[in-house]
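*Asks:* 3D, please:
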Amino acid sequence: MTTPLSTLGLALPVIAAPMSGGPSTPAMVHAASDAGGFGFLAAGYKTPDALAAEIAAVRARTSVFGVNVFVPNRTHVDAGAYRAYASLMQHEADRFGLTLPAEPIEDDDCFAAKVDLLVSDPVPLVSFTFGLPDGAVVQALKAAGTTVIQTVTSAAEAAQAADVGVDMLAVQSRDAGGHSGTLTPDRPPPPQPLTELIAQIRATVGLPVIAAGGLATATQVAEVIHAGAAAAMVGTALLRADESGASSTHQAALTDPRRTETVVTRAFSGRPARGLRNTFIDTYESRAPLGYPAIHHLTSPLRKAAAAAGEPDLVHLWAGTGYRHAAGGSTSQILRGLAGAV
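*Replies:* Okay, the predicted model is just below:
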């Protein structure tokens with residue numbers, strides 16, 4: 001089956017996933033290209049100018065890469081619940097001399113400006129996460145020569161994405177590290193094995209798919225390729241790579257024998273995300289309100305300060321279920337190894 005990836009000359013069926021907040025770097029994208037695959041830049045939480053600078057840095061070495069963009073899909077937080085949670089967070093932040101937002105911050109992560117940038121200065125691939133872009137946005141990008149990919153977590157979401165005209169789907173399982181791409185964060189779909197989800201989605205829509213979520217071994221990558229995915233997307237497996245921008249606190253936690261499981265939590269951002277279980281999750285998960293991006297903006301300064309201070313129990317240690325397989329070395333080496341059983 002010819003897909004947009006094969007027409008781009010993808011020689012390696014493994015893609016470096018976009019990981020917002022620091023882990024994904026231009027150097028990681030360069031290394032993915034060196035391996036015969038490609039990588040994604042993460043536009044999330046960056047200004048349009050910062051994103052433009054990263055695109056320029058990547059273009060200096062490779063012409064095949066993607067950019068992932070967060071689509072506004074706010075889960076508005078209850079004001080009273082926010083203030084109660086903010087009081088708890090401020091108590092934690094006092095240790096670092098921080099003042100956290102007393103009222104909810106709701107923004108759209110500069111969505112329109114980032115789309116304008118990507119239409120005026122096109123890149124080969126753009127993927128969307130958290131929400132569905134308007135059909136007009138999809139068509140503008142396609143008219144500029146860009147392949148458009150939508151992150152989905154269920155067959156119902158896949159059908160919605162097909163209706164707005166995207167070219168491909170990034171099918172994400174619940175095993176994925178970091179934020180779930182679900183379109184309904186207040187009602188995430190039930191867990192389902194990734195190979196079953198791929199089969200269900202391929203039976204629902206005729207679009208080619210990229211598999212994502214919990215893929216950290218060559219055997220797992222081979223399974224999703226044999227299930228019909230055009231490529232596998234990996235993120236957690238690259239968190240300890242030479243080119244990773246993940247904090248040293250985050251990287252160390254991945255090998256800490258005391259970190260024995262990952263859990264899905266909304267305590268850090270108000271949106272379901274998978275990370276290593278820590279004291280923050282155990283203490284605040286039951287009290288955390290839904291509300292993205294307000295809760296993200298509330299806890300972000302605290303998390304950054306804790307990471308800089310080497311305090312992992314106050315940090316969002318995003319990781320998929322295969323986190324024990326995250327290894328050091330170059331991104332190129334890691335990706336080639338993951339493709340070895342295909």
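*Asks:* neighbours of Ser54, just the number please.
*Replies:* Not quite, residue 54 is Glu, not Ser. By other Cβ atoms under 10 Å, 20 other residues sit near Glu54. All C-beta spots, glycine's among them, are computed from the backbone N, C-alpha and C.
*Asks:* From what I see, it and Ala27 are in contact.
*Replies:* No: using Cβ atoms under 8 Å, Glu54 is not in contact with Ala27, being 10.4 Å away.
*Asks:* Find the residues that touch each one of these two.
*Replies:* When Cβ atoms under 8 Å, 6 or more residues apart in numbering defines a contact, no residue borders Glu54 and Ala27 alike.
*Asks:* quick one, helices of the stretch 151-300 of the chain?
*Replies:* 155-163, 194-204, 218-226, 248-255, 279-284, 294-308 (DSSP state H, counting those that start in this stretch).
*Asks:* Can you tell me which of the ones you listed is most buried?
*Replies:* helix 294-308 (a mean of 21; mean count of other Cβ atoms under 10 Å).
*Asks:* Could you check the pLDDT of Met1?
*Replies:* Met1 is assigned 65 on the pLDDT scale.
*Asks:* Where does pLDDT dip in the chain?
*Replies:* Across the chain, the ranges flagged by pLDDT under 70 are 1.
*Asks:* 50 instead, please
*Replies:* Within the chain, not a single segment meets pLDDT under 50.
*Asks:* Go ahead and flag the most central residue of this structure.
*Replies:* Met19 (4.6 Å; Cα atoms, centre = their mean).
*Asks:* Okay, the closest residue to it other than its chain neighbours and Arg59: tell me how far apart.
*Replies:* Using Cβ to Cβ, 6 or more residues apart in numbering and skipping residues adjacent in sequence, the residue nearest Met19 is Gly235, 5.1 Å away. According to Cβ to Cβ, to the nearest Å, Gly235 stands 22 Å off from Arg59.
*Asks:* the more surrounded of the two?
*Replies:* A count of neighbours by other Cβ under 10 Å puts Gly235 above the other of Gly235 and Arg59, at 28 against 13.
*Asks:* which residues touch the more buried one?
*Replies:* Contacts here follow Cβ under 8 Å, 6+ apart; on that basis Gly235 touches Ala16, Ala17, Pro18, Met19, Pro23, Ala176, Gly177, Gly178, Ala212, Gly320.
*Asks:* Excluding residues flanking it in the chain, which one is nearest the last one?
*Replies:* Closest residue to Gly320 apart from its sequence neighbours, by Cβ to Cβ, 6+ apart: Gly177 at 3.5 Å.
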